[in-house]
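In: Just to be clear, the model below is a prediction. Sequence and coordinates:
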Amino acid sequence: MKKRPIEKAEKSLNKTQANLRVKTGIPGFDDLVQGGFPLNSSILICGGPGTGKTIFCLQFLVAGAQENKEKSLYVTFEQRAEALREQAKQFGWDLSSLEKQGQLHIISIPLEKITEKTIKDIQQIVKKEGIKRLVIDSLSTLVVNAPIYTTPSELAVKDVMGENIIFSPPIIGDFIVKRFIYSFIEQLRALDCTSLLISEASQSGEYISRDTLSEFVCDGVVLITFESLGGEFSRSLIVRKMRSTKNDEDVHPVEISEKGIIVHQIEK
Ligand SMILES: Nc1ncnc2c1ncn2[C@@H]1O[C@H](COP(=O)(O)OP(=O)(O)OP(=O)(O)O)[C@@H](O)[C@H]1O
Ligand SMILES: [Mg+2]
C-alpha cells in the first residue's frame, strides 16, 4: 500500500486556513489533521472501554483553557465531576483551578436525570458562557436514552388524511434514535464551538460507532483501539475521517504518559 507522507501543518496550510484549525494540545496529533480539528466541527472520539477517550478529550479542553484562554465545557453522563477532577490530577491538570478561573465548566448529569431539556440546557450554557470547546461524554449514553426523553407529541406522524400513524415500538425506537443523532449533531454544528463526542466503538467491523450512524453525520472520526499486537496489548489511533482535511491515514501508536496522551509516528 502506498503511504502518504505526513505534511507539517505549517507547510500545508496558509495563515487564514491555519486560523480555522483548533489545536488539540495532544503531542503528535495535530500533524495528522493539518494543524488541528476544523474550527466549530463535531468530531466523534470513538473507542472501546479504557482506550483513553476521556483522557484525550480532557487534554483537548485543558489545552484550550491553558494555552488559548478558551472557555470549555465537559458534560458527562458517565462520571461524577469529582472523579473527573481526580483522573485529571494524574496528568498534572488542575481542573478545579480552571473552574475557579471560569475557564472550564464541568456538568455531571446522572442517567436518570437526562430529560428532553438536557440538550437545550447544554446549548444555552455554550451560548451564554461563550464556550469554544465542548465535550459530550458520551454520545452513546445520550443515544441509548433518546426514546426516554422524546416527548409523545414529537412522535406523532400524520398520514395524508391527517390521522396519526402508529408504528410498532421497534420501528419507533430506531426512528427516534436516528432522528436524535441527526438533530443533536446539527444543533451542535450551529454553535460557535468545536465539539468532541465520545462514542463507544461498534462490535461489528462494518461500522465504527455503536449507534452505526454518528460516524456519517459527524465532521470527523478518531478511532482509538486497544489490541493485542504480537502478544502485548497496546493502544493505537487512526483518523478515520476529517472533512475539509487532507488527513493522515496511518495507524499510530498511542502512549498514555504522565503528561497525558502522546501520539507517535510509526517506525517504517
Ligand atoms: N496515569 C496513567 N498512566 C498510564 N495509563 C493510564 C493512567 N491513567 C489511566 N490510564 C489508562 O487509561 C485508561 C482509562 O482512560 P480513559 O478513562 O480515558 O478511558 P475511556 O476510553 O474513557 O474508558 P471508558 O470507556 O471506560 O470511559 C485506564 O484503563 C488505564 O489503562
Ligand atoms: Mg471515559
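Out: Arrived safely. Numbers count the residues shown, from 1 in each chain. Ligands and ions are numbered 1, 2, ... in the order given.

In: For the rest of this, base every contact and every neighbour count on C-alpha atoms.
Out: Noted.

In: Residue 262 touches residue 27, doesn't it?
Out: Yes. The pair residue 262 / residue 27 is scored as a contact, 5.1 Å apart, by C-alpha atoms under 8 Å.

In: neighbour-wise, which of those two wins?
Out: A count of neighbours by other C-alpha atoms under 10 Å puts residue 262 above the other of residue 262 and residue 27, at 19 against 12.

In: what sits against the more buried one?
Out: 26-29, 254-256 (C-alpha atoms under 8 Å, 6 or more residues apart in numbering).

In: Please, a ChimeraX command that selects the buried ones among those residues?
Out: To isolate the buried members of these in ChimeraX, using 16 or more other C-alpha atoms under 10 Å:
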select :26,29,254
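
In: out of the contacts of residue 262, which touch ligand 1?
Out: Restricting the contacts of residue 262 to those near ligand 1 by C-alpha under 6 Å from any ligand atom leaves residue 256.

In: so how many other residues sit close to the closest residue in space to residue 91 that isn't next to it in sequence?
Out: On the basis of C-alpha to C-alpha, 6 or more residues apart in numbering, the spatially nearest residue to residue 91 that is not a chain neighbour turns out to be residue 259, at 4.7 Å. Residue 259 is flanked by 14 other residues according to other C-alpha under 10 Å.

In: Which residue ranges of the stretch 101-250 of the chain form helices?
Out: 116-129, 139-144, 152-155, 169-189, 214-217 (DSSP state H, counting those that start in this stretch).

In: can you tell me which of these comes nearest to ligand 1?
Out: For ligand 1, the closest of the helices of the stretch 101-250 of the chain is helix 139-144, at 10.4 Å, according to C-alpha to the nearest ligand atom.

In: got a list of contacts for that closest one?
Out: Contact with helix 139-144 is made by 77, 111, 177, 180-181, 197-200, 210-211, as judged by C-alpha under 8 Å, 6+ apart.

In: Neighbour count, distance to ligand 1 and pLDDT for these - can I get that in JSON lines?
Out: As requested, the contacts of helix 139-144 are exported to JSON lines (neighbours: other C-alpha atoms under 10 Å; distance: C-alpha to the nearest ligand atom, whole Å; pLDDT from 0 to 100):
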{"residue": "77", "neighbour count": "21", "distance to ligand 1": "10", "pLDDT": "96"}
{"residue": "111", "neighbour count": "13", "distance to ligand 1": "15", "pLDDT": "88"}
{"residue": "177", "neighbour count": "20", "distance to ligand 1": "21", "pLDDT": "87"}
{"residue": "180", "neighbour count": "17", "distance to ligand 1": "22", "pLDDT": "90"}
{"residue": "181", "neighbour count": "21", "distance to ligand 1": "20", "pLDDT": "93"}
{"residue": "197", "neighbour count": "23", "distance to ligand 1": "11", "pLDDT": "98"}
{"residue": "198", "neighbour count": "25", "distance to ligand 1": "8", "pLDDT": "98"}
{"residue": "199", "neighbour count": "28", "distance to ligand 1": "8", "pLDDT": "98"}
{"residue": "200", "neighbour count": "21", "distance to ligand 1": "7", "pLDDT": "96"}
{"residue": "210", "neighbour count": "21", "distance to ligand 1": "12", "pLDDT": "92"}
{"residue": "211", "neighbour count": "19", "distance to ligand 1": "15", "pLDDT": "93"}
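
In: who are the neighbours in contact with the closest residue to ligand 1 within the stretch 51-200 of the chain?
Out: Closest residue of the stretch 51-200 of the chain to ligand 1, C-alpha to the nearest ligand atom: residue 52 (3.1 Å). Residues in contact with residue 52 (C-alpha under 8 Å, 6+ apart) are 224, 256, 261.

In: The strand or helix carrying the last one: which residues count as buried?
Out: It stands for residue 261. Here residue 261 sits within strand 260-263, counting by DSSP states H and E. Neighbour counts using 16+ other C-alpha under 10 Å place 260-263 of strand 260-263 among the buried residues.

In: and what of stretch 186-203?
Out: Buried residues in stretch 186-203 (16+ other C-alpha under 10 Å): 188-189, 191-202.

In: among those residues, which two are most distant?
Out: Farthest-apart pair in the buried residues of stretch 186-203 is 192 and 202; separation 29.5 Å (C-alpha to C-alpha).
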